[in-house]
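In: Generate a structure from the sequence data that follows.
(chains A and B)
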Amino acid sequence: MRVGGLELAHPVLNASGTWDAEQSHRLFGEANPGLAGFVTKTVTPEPRAGNPAPRIATTASGLLNSIGLPNVGRTAFLTDLLPFLQQHVHGPVICSVGGFSLHDYVETIVALDGHPGCSAIELNVSCPNVETGCASIGADADETERLVLAARAATAKPLFAKLSASVSDIAEIAQAAEAGGADAVVCINTVKATVVDRATGASRFGGGGGGLSGPAIRPVALHAVLAVRAAVEIDIIGVGGVGSVDDALDLLAAGASAVAVGTALFRDPTLAQRIASGLSRAR
Amino acid sequence: MSAAEVAPTPLGPFPARVLGSDRLGGLALVRLSLDPRTVLGGPGQFHMLLNPAGRDYLPRPVGLIQLDDGGVGVLVDAASAAGDMAGPLLQVLGPLGTGFDLAAVTSATTLLVAAGFGITVLPAIVTKHPQIRLIAGFRQADHVAALKLVERADHDEPAVAPDTVLSALASALATGRYQQVLAAGPLGMGRAVAGLCVEHGVASQVAVEAPMACGFGACNGCAIELGGVWLRCCIEGPVVAGARLVA
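Out: Numbers count the residues shown, from 1 in each chain, chains lettered A, B, ... in the order given. Predicted coordinates for the structure are as follows:
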């Protein structure tokens, strides 16, 4: 099947930041078991430590995180991680790119465009856990279109834009991404959320804000996919609370061409295989 | 291959059946029947334990304990033992993480220190080295009953909050008898223990507790900063050289 210009063996990917292919290869013997490809953790121009602890909190309905995009930075990503992924990942490697300015994104995309290990690029314009860039770009249709246009000019590789539902109108942002030349939109990133320290009245997270994932956001993702499906022609990759074959079928029925599993992989690292296998029987 | 036929990874998740639980004060030892493929691992390593039909969405990191009667148990708070950890069916992933280096452990020269659920890391060491000295501390008086899990250790009167293990540890280190300390507990306690050990020129290894969503390096929730370097406790720990905690 073809999704956003990318050939996939089946419609199940991972959500960026929810799978470590190197550790999976070391511990489980496969870099991306059950996944049709691999979406990397977001890479930024410089290495990032991420947010101070605490970074996660559990809820009855999922996970709150305030991780803050820790990553090795563009140089180490290109020289160390991407060659490993190229060698060990089954299927395409989709590189998630983040930044704090248009220039940040474009520089990384230019570097990835020349690397054979990168099959496609996902623009992270929706991370709720950094103060500037990312989500602030993805909350504004004009900025989103400007970024996607610049990215499009920098690469001929399939280009995805990962969007947030924590905006006034995700369909408008998706239209902007389409107008800029995106091949697909990924709906949705985590939903802005937090936990409060009763003593201080402030967020308990070291990084302040946070994002909610897991079953709690499944209906939000479904609504977003329906709204975006009505607004754009390009492919949609549905993300948000996928934990079963039925969850995946719901997103596909709402208009997604593929789905990405995220937080549920933390419950069961074999889940992607189960969903992919179940989908092949159900469809 | 059908969905039901998907093979587990070499580490699971494998099924486990809850056989029952025994109250230990405000805590409970949940006895498990493990799938034969489940490996316990070494002291300091951990497993992720989940009730797939339970209220908690994410698994919890636990130390599986080899019991004297040949069974396996896990120490949890009493409320959990009556809730998610009542099963009847759980799933277990592991062993995960890096455990203690036990090469130099002797009862005469090694001191164990545990705070709270850190006690669950130590039973296998005590079984192999009876009469090893243990200094333990607990947040609540009704958690002291957990010492039953290490009853063959030579343990001091446990500290109960607001008292800590540190005064007893300082006295023990001052004797000059101990060549290394193996400690387990929350990060703050671990840093304090490691600091005392550095002061006394005694080597230490600390199993650090950290919030964890996955246990296999994916979520980055358990990362702690050690001397400007971020370390994921689940894969580069949870046991770290104490000197790193105070660098």
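
In: Distance check, the closest residue to A:E46 other than its chain neighbours against A:D80.
Out: Excluding the flanking residues, the one nearest A:E46 by CB to CB, 6 or more residues apart in numbering or on different chains is A:G73, at 5.0 Å. Quick note: C-beta positions are derived from backbone N, CA and C, even for glycine. For A:G73, the distance to A:D80 equals 10 Å [CB to CB, to the nearest Å].

In: The residue nearest to A:E46 contacts A:K41, doesn't it?
Out: No. Using CB atoms under 8 Å, A:G73 is not in contact with A:K41; the gap is 11.7 Å.

In: Tell me which of these two has more neighbours.
Out: Neighbours per residue, other CB atoms under 10 Å in any protein chain shown: of A:G73 and A:K41, the larger number sits with A:K41, 23 against 14.

In: Run through the residues that contact the more buried one.
Out: A:16-17, A:20, A:69-71, A:96 (CB atoms under 8 Å, 6 or more residues apart in numbering or on different chains).

In: Low-confidence bits of chain B, can you list those?
Out: Residues of chain B that meet the criterion pLDDT under 70 lie in B:1-4.

In: Between the contacts of A:K41, which sits nearest A:A216?
Out: Relative to A:A216, the closest of those is A:G17; by CB to CB it sits at 17.5 Å.

In: hang on, that closest one in a helix?
Out: No. Going by DSSP: H, G, I helix; E, B strand; the rest coil, the assignment for A:G17 is coil, not a helix.

In: and it, how many neighbours?
Out: The burial count for A:G17: 28, using other CB under 10 Å.

In: From B:G25, how far out is the nearest residue to it once chain neighbours are set aside?
Out: The shortest distance from A:G17 to any non-neighbouring residue, by CB to CB, 6+ apart, is to A:K41 (4.8 Å). Distance of A:K41 to B:G25, given as CB to CB: 42 Å.

In: Enumerate every residue touching A:I217.
Out: Neighbours of A:I217 in contact, by CB under 8 Å, 6+ apart: A:62, A:165, A:188, A:190-191, A:240-241.

In: per-residue confidence at the closest residue to it other than its chain neighbours?
Out: Spatial nearest neighbour of A:I217, excluding adjacent residues (CB to CB, 6+ apart): A:G240 at 4.6 Å. Per-residue pLDDT puts A:G240 at 98.

In: Could you verify my assumption that A:G240 touches A:A221?
Out: Yes. Between A:G240 and A:A221 there is a contact at 2.6 Å, judged by CB under 8 Å.

In: Name the residues contacting each of the two.
Out: By the contact definition CB under 8 Å, 6+ apart, A:G240 and A:A221 are jointly contacted by A:165, A:187-188, A:251.

In: Which members of these additionally contact chain B?
Out: Among these, no residue sits close to chain B (CB under 8 Å from any CB of the partner chain).

In: Could you identify the buried members of those?
Out: Neighbour-count burial (16 or more other CB atoms under 10 Å in any protein chain shown) is assigned, among those, to A:165, A:187-188, A:251.

In: Closest one to chain B out of those, please.
Out: Chain B lies nearest to A:L251 out of those, by CB to the nearest CB, at 17.3 Å.

In: So which elements touch the helix or strand where that closest one lies?
Out: Assigned by DSSP states H and E, A:L251 falls within helix A:245-254. In terms of contacts (3 or more CB pairs under 8 Å, 6 or more residues apart in numbering or on different chains; DSSP states H and E), helix A:245-254 is packed against helix A:218-229, strand A:235-239, strand A:258-261, helix A:271-282.

In: switch to 7 Å and redo it
Out: Contact analysis of helix A:245-254 by 3 or more CB pairs under 7 Å, 6 or more residues apart in numbering or on different chains; DSSP states H and E lists helix A:218-229, strand A:258-261, helix A:271-282 as its packing neighbours.

In: could you flag which of the contacts of A:K41 are buried?
Out: Buried subset of these (neighbour count, 16+ other CB under 10 Å): A:16-17, A:20, A:69-71, A:96.

In: mind putting those residues in CSV, secondary structure, distance to B:A192 and pLDDT included?
Out: Shown next, in CSV, are the buried ones among the contacts of A:K41 (DSSP: H, G, I helix; E, B strand; the rest coil; distance: CB to CB, whole Å; pLDDT from 0 to 100):
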residue, secondary structure, distance to B:A192, pLDDT
A:S16, coil, 37, 98
A:G17, coil, 33, 96
A:D20, coil, 31, 98
A:L69, coil, 31, 91
A:P70, coil, 26, 90
A:N71, strand, 32, 93
A:S96, strand, 39, 98
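
In: which of the residues you listed lies closest to chain B?
Out: Closest approach between the buried ones among the contacts of A:K41 and chain B, by CB to the nearest CB: A:D20, at 4.5 Å.

In: Name the residues of the stretch 51-200 of chain A found near chain B, please.
Out: Near chain B, the residues belonging to the stretch 51-200 of chain A are A:53-56, A:58, A:60-63, A:65, A:67, A:70 when assessed by CB under 7 Å from any CB of the partner chain.

In: could you redo the last one with a cut-off of 6 Å?
Out: By the rule CB under 6 Å from any CB of the partner chain, the part of the stretch 51-200 of chain A lying against chain B is A:55-56, A:58, A:60, A:62-63, A:67, A:70.

In: Among these, which ones are in strands?
Out: Using DSSP state E, the subset of those located in strands is A:56, A:58, A:62-63.

In: Please tell me which one of those counts the most neighbours.
Out: Highest neighbour count within these: A:L63, with 28 neighbours (other CB under 10 Å).

In: Let me see the contact set for that one.
Out: For A:L63, the contact set (CB atoms under 6 Å, 6 or more residues apart in numbering or on different chains) comprises A:213-214, A:263, B:213.

In: Let's see that with 10 Å instead.
Out: By CB atoms under 10 Å, 6 or more residues apart in numbering or on different chains, the contact set of A:L63 is A:18, A:56-57, A:190, A:193, A:210-214, A:216, A:262-264, A:266-267, B:57-58, B:213-214, B:219, B:221.

In: Can you name every helix or strand that the helix ranked longest in chain B contacts?
Out: Looking across chain B with DSSP state H, the single longest helix is helix B:187-199. With contacts defined as 3 or more CB pairs under 10 Å, 6 or more residues apart in numbering or on different chains; DSSP states H and E, helix B:187-199 has these neighbours: strand B:110-115, helix B:166-174, strand B:180-186, strand B:203-209, strand B:223-226, strand B:239-241, helix B:242-245.

In: of the ones you listed, which approaches chain A most closely?
Out: Across the helices and strands packed on helix B:187-199, closest to chain A is strand B:223-226 (CB to the nearest CB), at 6.4 Å.

In: contacting residues around the residue nearest to A:E46?
Out: Residues in contact with A:G73 (CB under 10 Å, 6+ apart) are A:43-48, A:108.

In: any idea how far it lies from B:W230?
Out: Separation of A:G73 from B:W230 (CB to CB) stands at 13 Å.

In: who touches both of the two?
Out: A:47-48.

In: got the domain boundaries for chain B?
Out: Chain B is divided into the following domains under automatic domain parsing: B:14-96, B:110-245.

In: what residues are up against the residue nearest to A:T270 when sequence neighbours are not counted?
Out: Among residues not flanking A:T270 along the chain, B:V6 sits closest, at 5.4 Å (CB to CB, 6+ apart). B:V6 makes contacts with A:33-34, A:268, A:270-278, as judged by CB under 10 Å, 6+ apart.

In: check contacts around B:Q140.
Out: B:25-27, B:77, B:116, B:160-161.

In: Considering those residues, which possesses the most neighbours?
Out: The residue in those with the most neighbours, by other CB under 10 Å, is B:L27 (29 neighbours).

In: My guess is that one contacts B:G73. True?
Out: No. When contacts are counted by CB atoms under 10 Å, B:L27 is not listed as touching B:G73 (11.1 Å).
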